[in-house]
Structure formats: C-alpha cells, structure tokens
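Chemist: Okay, predicted coordinates and the sequence, questions at the end:
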Amino acid sequence: MTDNRNTILAVILSGLVLLGWQYFYNVPQMEKQRALQQAQSELIKPTPDAGATATPQNGTAPAPSANAPAANQPASTAIVSRDAAIAASPRVKIETPRLTGSISLKGGRIDDLSLVQFRETVDPASPAIILYSPSGTAEPYYAEFGWVATNNSGVKAPDQNTLWQQEGTNSLAPNSPVTLKYDNGDGLTFRRTIAIDDRYLFTIRDDVTNVGNAPVTLYPFALISRHGTPKVSGYYILHEGLIGYLGDQGLQEYPYKKIDDAKNVSFKVTNGWLGITDKYWASALLPDTTAQLQARMSSNLVGTVRTYQTDYLQDAQTIAIGGTGSANARLFAGAKEASVVGINFPIGGLGGYNRQLDLNHFDLLIDWGWFYFITKPMFLALDFFYHLVGNFGIAILLVTVLVKLLFFPLANKSYASMAKMKSVQPQLAALKERYPDDKMKQQQEMMEIYKKEKINPIAGCLPVALQIPVFFSLYKVLFVTIEMRHAPFYGWIKDLSSPDPTNLFNLFGLFSFDPTQLPLFGHYLALGVWPIIMGITMWFQFKLNPTPPDPTQKMIFSWMPVIFTFMLAGFPAGLVIYWAWNNLLSVLQQGFIMHRNGVKVELFDNLKTTFASKKAESKT
C-alpha cells in the first residue's frame with residue numbers, strides 16, 4: 001500500500017513539474033519567439049504597388065521596409081527622376097572625401113549616395129558612380145534603421161513617412177555627426193545620431209526615451225532594400241547578389257536567381273554581417289559582433305517588380321516608464337577597396353574594417369574565390385609593387401619576373417630536359433629510317449633513348465602548366481578588384497581590366513567602325529595590338545622547342561599560338577600583357593639553358609625553315 005502511495009505521489013509531483021516548466025518557461029519562450037517572428041514580418045509587407053514605399057497606418061504595426069503605400073493613399077506606380085525624388089523631401093547633406101549625398105528627413109533613410117572618386121568610364125569628367133537612390137525612382141536602393149513593434153502593441157514607432165527634425169549640425173561629415181529627433185506624441189521620444197568616417201562607414205545610434213504611462217517593448221532593426229533586379233556581369237567566377245558571413249554558419253551567398261527561388265532565408269546568429277554586393281560596390285550591415293541577430297535575406301515580388309532585402313532584428317528591449325533604450329548599428333556603403341574592406345592573410349595583408357572592427361571575415365565581401373590562397377598573394381604582390389612604381393602595368397611586369405624566379409628551379413629542369421630532347425633529334429630521325437614501317441618499335445626505341453638520357457618527353461608542358469595557377473589568380477585579381485578598374489598602363493591601354501581597345505580588322509582605328517558589332521562572327525574579330533604581340537611571343541617560344549615527331553602534335557603546336565591569340569583577345573589587357581611578357585622571359589631563359597647544355601639555339605634557323613617551307617608550298 002505504501003509503495004502504491006509513493007508511486008502515485010511521484011507521478012503527481014512529476015506532472016506538477018512538467019506543468020510548471022510549461023507555464024513558467026515554455027509558454028513565455030513561445031510567446032517571445034512568436035513576437036519576434038511577428039516583428040520581423042513587419043519588415044516586409046508587399047502589396048501591388050512596387051513604386052511607393054511602405055507607410056503603415058497610425059496605431060498599427062510599422063513596416064520599415066515594406067514596399068506598399070499607406071492604406072489611406074492611392075497606389076502610384078509613377079517613376080520620377082532621381083533629382084526630383086531627392087528634392088521632394090527635406091534632407092541632411094552628406095559630404096566626405098569619398099561620398100556625397102543626403103539623408104532624407106522623411107523616414108530618416110540613407111537613400112542618396114554617390115562615390116565621387118569613381119567614375120562611370122575612364123574619362124574623369126564622366127558622372128560619378130551612384131550607389132543609393134530614393135524610393136519612387138527607377139532603381140531604389142537604400143538603408144534604414146530604427147525600432148519596430150509588434151502588430152498588436154499599439155506603439156507608434158517612426159516609419160518611412162515620419163518627418164524627423166534635425167538638431168545641431170547642418171551636414172554630415174567626418175568628425176561632424178548629425179542628430180535627428182522624433183516625438184510620437186504618446187510619451188516616446190526617438191533620437192538618431194549618425195556619424196561617418198572618411199571612407200565608407202556609417203555609425204548609427206538609436207535612442208528612445210519613455211515618459212509615457214506604460215512600458216513599451218521594441219525591437220531594434222536594420223535593413224538594406226533594393227528594388228528591381230540589377231544587371232549583373234553574369235560570370236560564374238564572380239558573386240553578385242545577397243551576401244553575408246553569419247556566425248558559425250559561415251559565408252552565405254545568394255545570387256538574385258537563387259534568392260528568387262528561395263524567397264526567404266533566415267538565420268539566428270551572433271557575430272555576423274550581411275548585405276548586397278555588386279562587382280565593385282557593396283552595401284552591408286555591420287552589427288556589433290556580440291549582438292544576437294535574427295537575420296534574413298529575402299526576395300519579394302511587388303506587382304511586377306522584385307524587391308531584394310537583407311535585414312536583422314535584435315533582441316527586444318522593454319523600456320520602462322522614465323527609462324531609455326539604445327541600439328547601435330553600422331553600415332558599409334561604398335567601393336570594395338581591399339585596403340578599406342581588409343584582407344585576412346597570414347603574412348602581411350591589409351587590415352581595413354575587417355581588423356579595425358574585429359569583424360567576421362568581412363574580407364570575403366571581395367570575391368577572392370575558392371583559390372583565395374593564390375589570389376590574395378597575387379593581389380598583395382601587385383599592390384606592393386604598385387606603391388613602389390605607381391603603375392599597375394609595371395607592377396604586373398615585376399610580379400611576372402618574381403614568379404619566374406620562384407619557379408626557376410622547376411623551369412630549369414624542364415628546359416634542360418627539352419634541350420636534351422633537341423640533342424637526341426638525330427637519333428630519333430635514325431630510328432625512323434631503321435624501322436620505317438614499325439611504329440611500335442619506333443616508340444619502344446624512342447622511350448629507351450629518353451630513359452637513357454633522362455629525358456621527360458612531357459617536360460615542354462611544364463612551363464605552360466606552371467602558368468595556369470598564376471594566370472588564373474591574375475585574371476581573378478584583374479576581374480574582381482576595384483584597384484584594377486580603370487588602371488592605366490602606357491599608350492592606348494587606359495584600363496588594364498578591359499580588353500585591348502585597338503583592332504586589327506579596322507586597321508587599328510584607321511576606319512571608324514567596330515568590327516565586333518558585326519552579326520554572327522563579330523565577336524571573333526576582337527584582335528588588338530597586345531594580343532598579337534602575345535601570339536608572336538608564344539610562336540617564338542614554340543619555335544625554340546624541338547619539332548614534335550608526331551604529325552598531330554606538330555599541327556597542334558603550330559596552331560596553338562593562333563588559337564591563343566584569338567582566345568585571349570577579349571581578356572583584360574593586363575592579363576595579355578602578362579602572358580606576352582612571360583613568353584618573352586621564357587624564350588630568354590630557355591635559350592640560356594639550351595646554350596649552357598651545349599645545345600645549339602636554333603630559333604632563327606627554325607623560323608627560316610618555317611618561312612622556307614611556306615614559300616615552297618606556295619610555289620607548288
């Protein structure tokens with residue numbers, strides 16, 4: 001009887017514990033999570049109007065990043081000019097050495113930014129690059145910060161229609177922050193202090209003071225919103241779209257098509273950042289590294305226009321009567337300069353914001369690719385020599401020499417083997433005469449000669465193979481780093497990151513038409529001076545090597561310089577200059593090694609033989 005009573009008592013006590021845990025812990029946690037999800041859902045409220053910005057009704061949930069008009073306003077899809085949109089609301093001017101623009105007092109958005117040090121073309125008088133534009137324009141792009149309340153709280157927080165008042169300083173500049181103020185009339189006073197450095201970093205502090213008659217609960221938020229699908233380069237080696245490094249979940253990259261399919265991806269993280277990146281420019285939210293974030297990347301179809309957004313909510317703050325709540329945020333909006341963004345590299349490297357703010361791999365905002373362990377050293381070497389000589393083209397030439405020195409021992413073995421191969425050409429010719437109809441026997445005897453003389457028959461491929469990782473890393477650096485954009489060389493090369501602008505098929509500008517615009521085959525008619533120089537140097541290099549005994553190999557090696565000339569014609573000029581210079585150094589190095597090994601350098605003899613055979617063929 002006692003055992004039964006103890007068992008029943010244990011069951012009752014266990015039930016009481018479970019009920020207590022459910023009531024005092026599980027239910028509050030579920031309510032907290034539900035409130036968090038509801039608050040985050042208020043960041044996007046798509047409606048049929050893609051052109052206007054969200055404006056929630058007073059007393060309802062604010063929608064800081066929605067793309068819908070107010071319920072009491074007619075929808076409007078009219079697109080206005082950027083200048084008209086900027087002039088439509090009072091603004092605080094932004095003026096730094098690298099950025100100009102303004103903050104809209106209506107909504108408190110940072111929605112007008114231009115990068116004054118970067119131009120649309122190589123012409124310094126061309127327009128500056130525009131990064132942000134207000135809602136209502138053809139390509140709205142902006143950042144927004146503040147507080148959001150849940151739908152049923154009745155708290156009136158600032159939204160995109162709120163008209164803030166400016167306090168103090170007239171314009172935002174380095175060492176000259178601005179403060180905006182908004183009183184909601186219900187006991188809450190909001191203040192926003194915005195500071196900027198001399199590069200691309202905004203620091204935002206939001207404070208709210210409660211002198212009302214009840215505590216309020218608000219969630220700090222930050223977002224970047226972009227309306228319309230941007231034009232992208234379309235190269236698989238470059239990521240353009242939504243990006244973030246989200247704590248333990250690592251690098252997250254969502255191209256526009258991928259996020260269109262996913263619609264919405266959420267992350268609960270600490271020590272993360274997220275934003276939207278283009279090839280050379282980016283905008284990223286950089287919260288405190290210790291902040292708990294409910295982060296999200298999303299794509300929403302509003303009418304016929306796609307809206308892309310990265311945002312986060314921090315943990316809710318309950319502001320007591322007479323109390324104050326505060327939230328800090330940071331925004332990077334500018335050019336992806338390596339010295340500014342930062343490079344994580346074991347030896348040397350550039351710190352930038354990555355190190356200065358102790359961020360989590362912010363250097364990956366620049367798409368160094370999977371082979372970053374090659375790409376980053378290549379950039380660091382180019383950057384080092386650039387600061388010595390002041391020209392990236394010369395830096396490429398110097399780095400090429402450095403690479404040749406690094407691979408000198410391997411290349412020496414390769415060229416020495418090729419020199420020995422040239423010295424045994426008479427023996428190989430004798431084999432053909434001895435076994436004219438027995439190809440198998442020729443091959444066996446040939447391999448015996450190679451073994452005896454310690455010749456590697458594929459040694460000629462090694463110098464080209466060694467170039468592949470260097471070629472790829474230089475291509476990546478030229479393609480993705482803004483330092484190479486519009487970097488001039490000498491003469492007609494005004495931009496090392498673009499193809500040689502000259503063209504053989506209009507006699508290098510003698511005729512005023514662009515052959516590449518011809519239908520069907522125009523793409524193949526891009527052949528400038530530097531690609532031709534590169535092809536000639538490659539031809540010289542192949543003529544320095546022994547003629548392959550196999551007719552198929554001989555034909556391949558004969559046509560390879562021509563194929564490479566046309567193939568590389570559309571590549572960045574800096575890459576073609578590297579290849580031409582590398583070929584020339586290889587010819588000099590190989591000639592020296594052949595001479596040292598007692599093998600006659602027959603470059604000019606081979607050239608004479610080639611032209612003589614061509615002349616004989618034309619006569620027949």
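Modeler: That came through fine.

Chemist: make it CA atoms for all contacts and neighbour counts henceforth
Modeler: Will do.

Chemist: what comes up buried for the helix or strand harbouring Glu433?
Modeler: Using DSSP states H and E, Glu433 falls within helix 425-434. Applying a neighbour-count criterion of 16 or more other Cα atoms under 10 Å, the buried positions in helix 425-434 are 428, 431-432.

Chemist: Save those as TSV, and put in distance to Gly323 and pLDDT too.
Modeler: Formatted as TSV, those follow (distance: Cα to Cα, whole Å; pLDDT from 0 to 100):
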residue	distance to Gly323	pLDDT
Leu428	94	75
Leu431	98	76
Lys432	98	76
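
Chemist: which residues sit in contact with the residue lying closest to Arg226 once chain neighbours are set aside?
Modeler: Take Arg226 and drop its neighbours on the chain: the residue closest to it by Cα to Cα, 6 or more residues apart in numbering is Tyr141, 4.4 Å away. Residues in contact with Tyr141 (Cα atoms under 8 Å, 6 or more residues apart in numbering) are 111, 131-135, 224-227.

Chemist: of these, buried ones?
Modeler: 111, 131-135, 224-227.

Chemist: thinking again about what came up before, now go through the contacts of Tyr141 and say which are in helices.
Modeler: Within the contacts of Tyr141, no residue falls in helices by DSSP state H.

Chemist: Identify those among the residues you listed that sit within strands.
Modeler: Members of the contacts of Tyr141 lying in strands (criterion: DSSP state E): 111, 131-132, 224-227.

Chemist: Check which element follows whichever strand or helix holds Tyr182 along the chain.
Modeler: Using DSSP H and E, Tyr182 sits within strand 178-183. For strand 178-183, the following helix or strand on the C-terminal side (DSSP H and E) is strand 188-196.

Chemist: Paired strands for that following strand, with orientation please.
Modeler: Paired neighbours of strand 188-196 in the sheet (DSSP bridges): strand 178-183 (antiparallel), strand 201-210 (antiparallel).

Chemist: In PDB, list the C-alpha atoms belonging to the last one.
Modeler: Read it as strand 201-210. The C-alpha coordinates for strand 201-210 follow below in PDB (Å, rounded to 0.1, in the frame of the first residue of the first chain):
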ATOM      1  CA  LEU A 201      31.400  53.600 -42.700                       C
ATOM      2  CA  PHE A 202      28.200  55.000 -41.200                       C
ATOM      3  CA  THR A 203      27.700  54.600 -37.400                       C
ATOM      4  CA  ILE A 204      24.100  54.900 -36.200                       C
ATOM      5  CA  ARG A 205      22.900  55.100 -32.600                       C
ATOM      6  CA  ASP A 206      19.100  55.000 -31.900                       C
ATOM      7  CA  ASP A 207      17.800  56.100 -28.500                       C
ATOM      8  CA  VAL A 208      14.200  56.100 -27.300                       C
ATOM      9  CA  THR A 209      13.100  57.700 -24.100                       C
ATOM     10  CA  ASN A 210       9.800  56.700 -22.500                       C
END
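
Chemist: And the contacts of it?
Modeler: 146, 187-196, 216, 319-333.

Chemist: Let me know the closest of the buried ones among the contacts of Tyr141 to Tyr200.
Modeler: Closest to Tyr200 out of the buried ones among the contacts of Tyr141 is Leu131 (11.6 Å), distances taken as Cα to Cα.

Chemist: Bridged to Ile103, which residues?
Modeler: Val92, Ile110.

Chemist: Report how many residues lie close to it.
Modeler: Using other Cα atoms under 10 Å, Ile103 is surrounded by 25 other residues.

Chemist: For Tyr245, what are phi and psi?
Modeler: With angles defined as degrees, to the nearest 10, Tyr245 sits at phi -110, psi 110.

Chemist: What of Asn300?
Modeler: Asn300 has phi and psi values of phi -130, psi 130 when expressed as degrees, to the nearest 10.

Chemist: burial measure for it, as a count.
Modeler: Residues contacting Asn300 under the criterion other Cα under 10 Å number 21.

Chemist: In the protein, where is pLDDT below threshold?
Modeler: 1-77, 346-348, 415-416, 418-419, 422, 456-464, 545-550, 553, 597-620 (pLDDT under 70).

Chemist: what's the domain layout of it?
Modeler: 27-365, 372-619 (automatic domain parsing).

Chemist: which of those domains is buried the deepest?
Modeler: Mean neighbours per residue, mean count of other Cα atoms under 10 Å, is largest over the domains of the chain for domain 27-365, with a mean of 19.

Chemist: how far is that one from where the chain is centred?
Modeler: 19 Å (Cα atoms, centre = their mean, to the nearest Å).

Chemist: repeat for stretch 531-547
Modeler: For stretch 531-547, the distance to the chain centre is 35 Å (Cα atoms, centre = their mean).

Chemist: Please apply the same query to stretch 387-406.
Modeler: On the basis of Cα atoms, centre = their mean, stretch 387-406 sits 24 Å off its chain's mean C-alpha point.
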